[in-house]
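> got a sequence here, can you model it:
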Amino acid sequence: MTTTAHGKTRFRVVAAAALAALLLPAGTSLAQEEAERREDPFQQRAKTTFRLLTFEVGSSGPRLGTTVGTGDQEIVDVHNAIRYLKSAGEARAWPAIPIDMRALIEAGDAPLAAVKSVHRAISALKAAGKFKEQASEYRVFHAPSTVRYLPPVLNPSKIFGLAGNYIRRTPDGKPGAFDFVEYPSAFLKPPSSLTGHNMEINLEGLLTTGVHEPEMAIIVGKKATNVPESEAMDYVMGYTVHNDVSSRDLKMGRHSSQGSTISKGLDTFAPTGPYITLKEDVPNPHNLPIVGVVNGKPWPIPNANTSFLTWSVAQHIAYLSERITLLPGDIIATGVPGPVMVFKEGDVVELTIGHLGTLKSTVVSKPVPGHKVFAPRVVSRPSSQR
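Down below sits the predicted model:
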């Protein structure tokens, strides 16, 4: 029997799930229990929660933004707000605040705290009737419908995905096939696959069917190498919503090393956002309901809550950093509950994770004009191998 910290914590998670099933009130079905889990216990708090995002307006290029709530409140352009506060004599002794999210994360706690302070100061000025909106490129407040949401971190060094990472109950309530694995199963997605909220997932004529995978993602806060599990949460900056889009009928190589890089790594196959919620504003990342909606209809996901994660957030950090150095801004998508959400061209999907927001995408298939699809090589095998 394993005696590692990973093994002990995994045993506690599985045991807790089994105990919860045994303690259900008489007449309560598993379906009823899961429906209760999908309710967001932080719904009221989420309406006032601080968020960080990256956006652009017209040809402005990426801008660092802040907002509060669940996507219905105005977005503050942080650096235009600083400019305005200075002109109004309201500036504080803030440290330098980078305009790039990854650089901001790399800069540490002080600039992050300053961003929150800027948001509070400019919002208070507006609430007091002492703010006058600026024109054109110096505008401070933007309606959510007027901006283009970009991935919160545009340039992470790595995007990790986790496979088989949720306890999967069988119809009789027992754990599934991936619940007692010895190690997390990780793979990499290229940063070029990132796209933002309210943007398209483009099949580019290369495939016709695939799946959406709604996942809570960890944003790494500082360089992590060989981090023990007991200290791992110190390396988490925040959380976001991630769609680990996966193809089903993409033509690709058959070698076992092909892995998930091609099937999950196409351009636009990593929608992420709309924003980052800071770690201190997520009371418990291991109890967040997950809801998937396709074309306005909820998708049935029986174990749709992060409480079903096979491995904890701290274990993800400890395991990965033992093998690969994590850098500020790296994204770790923690895996998908099942069943995954099948898609086709024309579908609109909305993925909501309790307290983290809703990530929306539209599936299209727009081949590049004039592009000729790569033709497979015709291989003539020796008669002895036929």
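> from the chain's centroid, how far away is the helix or strand hosting Ile218?
Using DSSP states H and E, Ile218 maps to strand 214-220. When C-alpha coordinates are averaged (CA atoms, centre = their mean, to the nearest Å), strand 214-220 and its chain have centres 4 Å apart.
> export that strand to PDB, keeping only CA atoms.
Below are the C-alpha coordinates for strand 214-220, written out as PDB (Å, rounded to 0.1, in the frame of the first residue of the first chain):
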ATOM      1  CA  PRO A 214     -14.800  22.400 -19.400                       C
ATOM      2  CA  GLU A 215     -11.900  22.700 -17.000                       C
ATOM      3  CA  MET A 216     -10.700  24.800 -14.100                       C
ATOM      4  CA  ALA A 217      -7.300  26.100 -14.900                       C
ATOM      5  CA  ILE A 218      -4.500  27.100 -12.400                       C
ATOM      6  CA  ILE A 219      -2.400  30.200 -13.200                       C
ATOM      7  CA  VAL A 220       1.100  29.700 -11.800                       C
END
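> now do the contacts for the closest residue to His119 other than its chain neighbours.
Excluding its sequence neighbours, the residue lying closest to His119 (CB to CB, 6 or more residues apart in numbering) is Thr66, at 4.3 Å. Quick note: C-beta positions are derived from backbone N, CA and C, even for glycine. When contacts are counted by CB atoms under 8 Å, 6 or more residues apart in numbering, Thr66 touches 50-53, 75-76, 78, 115-116, 118-119.
> repeat for Val293
Val293 neighbours (CB under 8 Å, 6+ apart): 299, 349-352.
> any stretches of the stretch 251-386 of the chain with poor pLDDT?
380-386 (pLDDT under 70).
> tell me where it has strands.
For the stretch 251-386 of the chain, the strands defined by DSSP state E, counting those that start in this stretch occupy 270-278, 290-294, 297-298, 331-333, 341-343, 348-353, 357-364.
> can I get those in JSON lines including distance to Ala93?
Below are the strands of the stretch 251-386 of the chain laid out as JSON lines (distance: least, CB to CB, whole Å):
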{"stretch": "strand 270-278", "distance to Ala93": "22"}
{"stretch": "strand 290-294", "distance to Ala93": "42"}
{"stretch": "strand 297-298", "distance to Ala93": "49"}
{"stretch": "strand 331-333", "distance to Ala93": "32"}
{"stretch": "strand 341-343", "distance to Ala93": "48"}
{"stretch": "strand 348-353", "distance to Ala93": "36"}
{"stretch": "strand 357-364", "distance to Ala93": "32"}
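> to Ala186, which of those lies closest?
Comparison of the strands of the stretch 251-386 of the chain against Ala186 by CB to CB identifies strand 331-333 as nearest, at 8.4 Å.
> partner strands of the closest one, parallel or antiparallel?
If you go by DSSP bridges, strand 331-333 pairs up with strand 159-163 (parallel), strand 214-220 (antiparallel).
> buried among the contacts of Val293? Need that as a selection in ChimeraX.
In ChimeraX, this line selects whichever of the contacts of Val293 come out buried by 16 or more other CB atoms under 10 Å:
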select :299,349,350,351,352
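> for the contacts of Val293, which one is nearest Lys86?
Thr352 (37.9 Å).
> can you name the residues bridging to that closest one?
Under the criterion used (DSSP bridges), Thr352 bridges to Val291, Thr358.
> now the angle from the strand holding Ile218 to strand 290-294?
Relative orientation of strand 214-220 versus strand 290-294 (axes from the mean of the first three to the mean of the last three CA atoms, to 10 degrees): 130 degrees.
> strand 214-220 vs strand 357-364, what angle?
120 degrees.
> adjacent strands (with direction) for the helix or strand following strand 214-220?
Helices and strands here follow DSSP H and E; after strand 214-220, the next one along the chain is strand 236-243. Sheet pairing of strand 236-243 (DSSP bridges) gives strand 214-220 (antiparallel), strand 270-278 (antiparallel).
> state the mean pLDDT of the first one.
Mean pLDDT, computed over strand 214-220, is 98.
> hey, which of the strands paired with strand 331-333 is tucked in deepest?
strand 214-220 (a mean of 26; mean count of other CB atoms under 10 Å).
> taking strand 348-353 as reference, get the angle to that strand.
60 degrees.
> got phi/psi on Ser185?
phi -110, psi 110 (degrees, to the nearest 10).
> pull the number of nearby residues for it.
15 (other CB atoms under 10 Å).
> in contact with it, which residues?
Counted by CB under 8 Å, 6+ apart, Ser185 has contacts 162-165.
> how does it look with 7 Å?
Residues in contact with Ser185, defined by CB atoms under 7 Å, 6 or more residues apart in numbering, are 162-164.
> list just the nearest of the residues you listed to Ile331.
Checking these against Ile331 with CB to CB, the nearest one is Leu162 at 11.5 Å.
> looking at the strands paired with strand 236-243, which is nearest to Asn287?
strand 214-220 (11.0 Å).
> quick one: low-confidence ranges for the stretch 101-250 of the chain?
In the stretch 101-250 of the chain (pLDDT under 70), the answer is 169-180.
> now the helices for it?
101-107, 109-127 (DSSP state H, counting those that start in this stretch).
> quick one: closest of those to Pro339.
helix 101-107 (32.9 Å).
> the closest one: how far from the chain's middle?
With CA atoms, centre = their mean, you get 17 Å for helix 101-107.
> alpha carbons of it, as CSV, please.
C-alpha atoms of helix 101-107 as CSV (Å, rounded to 0.1, in the frame of the first residue of the first chain):
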residue,chain,number,x,y,z
MET,A,101,-0.3,40.0,-17.8
ARG,A,102,2.6,37.6,-17.7
ALA,A,103,5.0,40.4,-16.8
LEU,A,104,2.6,41.6,-14.1
ILE,A,105,2.6,38.1,-12.6
GLU,A,106,6.4,37.9,-12.8
ALA,A,107,6.6,41.2,-11.0
